[in-house]
Every structure is written in structure tokens, then in C-alpha cells.
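Enquirer: Here is my input; please provide its structure:
(one chain, ligands or ions: 1)
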Amino acid sequence: MSIHDQIVGLIRQQDPEAASIIQAEADRQASTIELIASENHASTAVMHAMGTCLTNKYAEGYPGRRYYGGCEHHDAIERLAQDRAKQMFGCAYANVQPHSGAQANAAVFMALMEPGATFASLVLADGGHLSHGLPINFSGHYYKPVHYPLVRDEKNADFERIDYDAVRAVCLEHKPAMLLCGYSAYPRTIDFARFRAIADEVGALLMADVAHISGLIVGGQHPSPFPHAHVVTTTTHKSLRGPRGGLILTNDEEISKKVDRALFPGMQGGPLMHVIASKAVAFGEALKPEYKSYQTQIVANAKALAGALVEHGYRITSGGTDNHLMLVDLTSKDPQGADGTLTGKAAEKWLENAGLICNKNGIPGDQRKPMVTSGIRLGTPATTTRGFKEAEMKVVASFIDRVLSAGLAGEDELSRVTEQVRGEVRDLCAKFPMPGH
Ligand code: DSN
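Expert: Numbering: from 1, shown residues only. The predicted structure is shown next:
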């Protein structure tokens, strides 16, 4: 019996109702293929470091300067997480306390910009994140976002890639206090040096939100934002494969002091010390030699999946991927194009019913609403953790195509193919057990 099953068994003795829900979710994860680009399967050690006595303690403040007694071991674990974070990214300062990526971003904004200040970020519908200037998010409500687009000219070799000339033009026009790069749905390499040159030209700070690609950076599969970015934020649970949480990094002592103050006591209270313990464990894993092979395989798998989908007749935005994710333009497969039934919303549901978990996602210039969309976003961090390689990614592409083609053919065909593919997905998952099973 796995450790997870033993723990659920213990919970069951006290609370059968909660235990059943947890077990059902464990079964769902074990028997489906996780293609959401921002999700992963944490190791047994990472997962269970969170289920420890460190959750019992208040440790407001930072190591060596807490507002509570009894923090000796909490200081030690937080310092361990900080040291490993700095080592992973080769930088001087790390704050491991953010509860999430959005809170890491909020703390950086609060630390480095006055309310009402202007910042520049990618057009959100082109792959940005809600904390990069959505009007109803803190970032759009308390600050003034201006946006730069992707290249929109189909004849341009950089079609659907960052338009660095537009980044510069937007910055020259608006003189933002901060220039923000790093995205939620961008499949290509980010040129941090080019962003820094633009930031320097207009006197802006450069912030890189590398939440999606932080694992790739640590594993040497994407260039580092250091030494270019003044400040870097990331989540810890995506390609990095740690527990759910956030992290802020910098080489600048003044910035680090401001960030520490903004995060606590500015925005957060007691840090989640059990999660910080788990971050330390995850960062320890990321510093091991095998982590580089894992990250290399993520990128190889993404390229294999994108290539196989192209062979099945799908257009991948920007023509492919350099990292762990891709956006599939579903209008390319639907004979009715953007007027047809193959929307992101429909595809997400059809694929879920067959055991293939992904999310609907707008494609650049999408005319459909965000809850419908013309695309799906697929990523390979989780399947790679499970041990899938290029051969399995080709099988996954054929599963996807069979389901979506059946959806286009009508309800009877969809239901027949869904049942068939669901069975094949279960069989494939059984060959690649979850970590710790
Ligand atoms: N929600 C995350 C994602 O799926 O990309 C971003 O924080």
C-alpha cells in the first residue's frame, strides 16, 4: 500500500466522508492523463512534507526575527528553502513565503510601484496572466497596465511571438515604472536580455514572472532571467514540481528588503511553514542531477506532442513550441473554422470524458469569449513525471485526435469513441503509475 493510501486510511478512521473524496481524487489522478500545462505530480516526499507538524506553528516574520517564540526549527527550514532557491537560480536573495504566484506578484507590485503607476505587460488574451493587469484584479485595479502584443502579421517569421519592436514602442510611449515579461500560455523562448535593454532605455524595472518555465530554467532548458531581471517571481508547483506556492527572487539587496516588507507584514500574515518545508524538499530535488534529464524530457515530449498533432491536421500557434506547452488552434481542424462546433469549451469537456485533462484557452486574436475559446492549452510536465516519453506522446496525440474528430462527427460517434479511448487511457495510465505508487 502506498504512503498516500495509508494516510487516507488514517483519515478514514476519523472522517470517512472526507477520506472518500480524497481517495476519489487520487483515483482520478491515477487513471487520467494530466495535460494541463500548469499542473504536475509532486513526489511523495514533497507531498507529505506538507502533512507535518510544521503546520501547527505561527512564524510571522523572517528567520531570526519572528513575532513568536519557539521558531528555532522553522527558522532552519525556511533558511534551507531560501538557500536552495538561491542556488537553483544563482541569485542572491529569495523570499519563500508567498502563498501563491499571484501573491508573489502582488507583493512585488506593492514593493516597487506606487498605486496608480504604469506598468507594461503582454496583451492578456495573448497569453498573459490575470495578475498582469486584468481590470478586476489588484494589478489592473490599483495600477495602470499598458499592453504589448504578439506579432500579428502571418507573413512575418515571428508570427504569434513577442513583438519586441512593439514592446519598445509601448514603453517609449508610456514610460512604465515596470516592464513585465513571463506568461501563462506562451510556447516560445523569452529573450530576457532584450527586455532588459528596453527597460533600461525607458528607466523601468524589469520583472520576470517565470511561473510556467521555472523548472525549465533550473533544469537548463530555458535561459535564466538572471542577470537581466531586477526581480523574478514564480510559482513552485508547475514545471518546478514543488508544492502549491510562490517564490520571489532578486540580486538587489534594496529590492529584496522592499519585497520582504511588502509580503510581510504588507500582504500576508503567518507563513505556511509546512508548505515552506515542502518547498525546501522540492528545491532539494531540483538541485539533483536527474532533474535536468526530467526537464529535458519535458521539452522533448512537448515537441513530440506538437509534431504529432500537426500530423493529425491541427495548427499549433506560432508553429510549435520551445518549452513545455502548446496552444492548439481548433479552428484548423473544424471544416466550419471559427463558425464550427469544435470550440475550446467543447474540446475540454469531450477530452475530459475520455480521461484526457486539459484546459480551454484563447489563441492569439481569438474572437470567441474566454469561457468558450478557439483553442486548448496542452503541457507535458505531469506526463513526463509519470514517465511518458515521445512514443507515449504520439499515442496521446492520437487519443486527442480520435476524440475531437468523433465530436465533430456527432453524438453517437463521440460516445462510442469516448468509451473506447477512456479504456485505452486507463490501460496506459496503469503502465505509468503515479509517484509513490
Ligand atoms: N492558473 C495558472 C495557469 O494555469 O497557467 C496561472 O497561474
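Enquirer: tell me, how many neighbours does whichever residue of the stretch 101-250 of the chain sits closest to the ligand end up with?
Expert: Evaluated by Cβ to the nearest ligand atom, the stretch 101-250 of the chain has residue 184 as its residue closest to the ligand, separated by 3.8 Å. Just so you know, the C-beta spots here come from the backbone N, C-alpha and C atoms, and that holds for glycine as well. Look at residue 184: counted by other Cβ atoms under 10 Å, it has 22 neighbours.
Enquirer: likewise residue 223?
Expert: 15.
Enquirer: Retrieve the pLDDT associated with it.
Expert: At residue 223, the pLDDT value in this model is 98.
Enquirer: just the one 4 residues further on next, same as before
Expert: As predicted, residue 227 sits at a pLDDT of 98.
Enquirer: Contact partners for it?
Expert: With contacts defined as Cβ atoms under 8 Å, 6 or more residues apart in numbering, residue 227 is in contact with residue 251.
Enquirer: ok, 10 Å please
Expert: For residue 227, the contacting residues are 90, 91, 192, 193, 196, 251, by Cβ atoms under 10 Å, 6 or more residues apart in numbering.
Enquirer: Looking at these, which one is closest to residue 172?
Expert: For residue 172, the closest of those turns out to be residue 196, at 15.5 Å, with distances computed as Cβ to Cβ.
Enquirer: just checking, that closest one touches residue 208?
Expert: Yes: under the criterion of Cβ atoms under 10 Å, residue 196 lies in contact with residue 208, with a separation of 9.5 Å.
Enquirer: Look up how far the ligand lies from the nearest residue to residue 60 once chain neighbours are set aside.
Expert: Distances taken as Cβ to Cβ, 6 or more residues apart in numbering place residue 67 nearest to residue 60, at 4.4 Å, with adjacent residues excluded. Here residue 67 is placed at a distance of 30 Å from the ligand (Cβ to the nearest ligand atom, to the nearest Å).
Enquirer: what about the closest residue in space to residue 182 that isn't next to it in sequence, distance to residue 334?
Expert: With Cβ to Cβ, 6+ apart as the criterion, residue 182 has its nearest non-adjacent residue at 3.6 Å, and that residue is residue 209. Distance, residue 209 to residue 334, by Cβ to Cβ, to the nearest Å: 33 Å.
Enquirer: repeat for residue 78
Expert: Applying Cβ to Cβ, the value for residue 78 to residue 334 is 51 Å.
Enquirer: One more: residue 74?
Expert: Distance from residue 74 to residue 334, counting by Cβ to Cβ: 54 Å.
Enquirer: which parts of the protein sit against the ligand?
Expert: Remark: the part of the chain in contact with the ligand comprises 38, 101, 129, 184, 211, using Cβ under 6 Å from any ligand atom.
Enquirer: rerun at 8 Å
Expert: Taking Cβ under 8 Å from any ligand atom as the criterion, the neighbours of the ligand within the chain are 36-39, 100-102, 129-131, 184-185, 211-212, 235, 238, 359, 377.
Enquirer: from memory residue 416 sits against residue 422, does it?
Expert: No: in this structure, residue 416 is not within contact of residue 422 by Cβ under 10 Å, at 11.1 Å.
Enquirer: The residue of the stretch 101-250 of the chain closest to the ligand: what's it in contact with?
Expert: Residue 184 sits in contact with 37-38, 101, 122, 124, 127-132, 209, 211-212, 238, 325, 361, 377, where contact means Cβ under 10 Å, 6+ apart.
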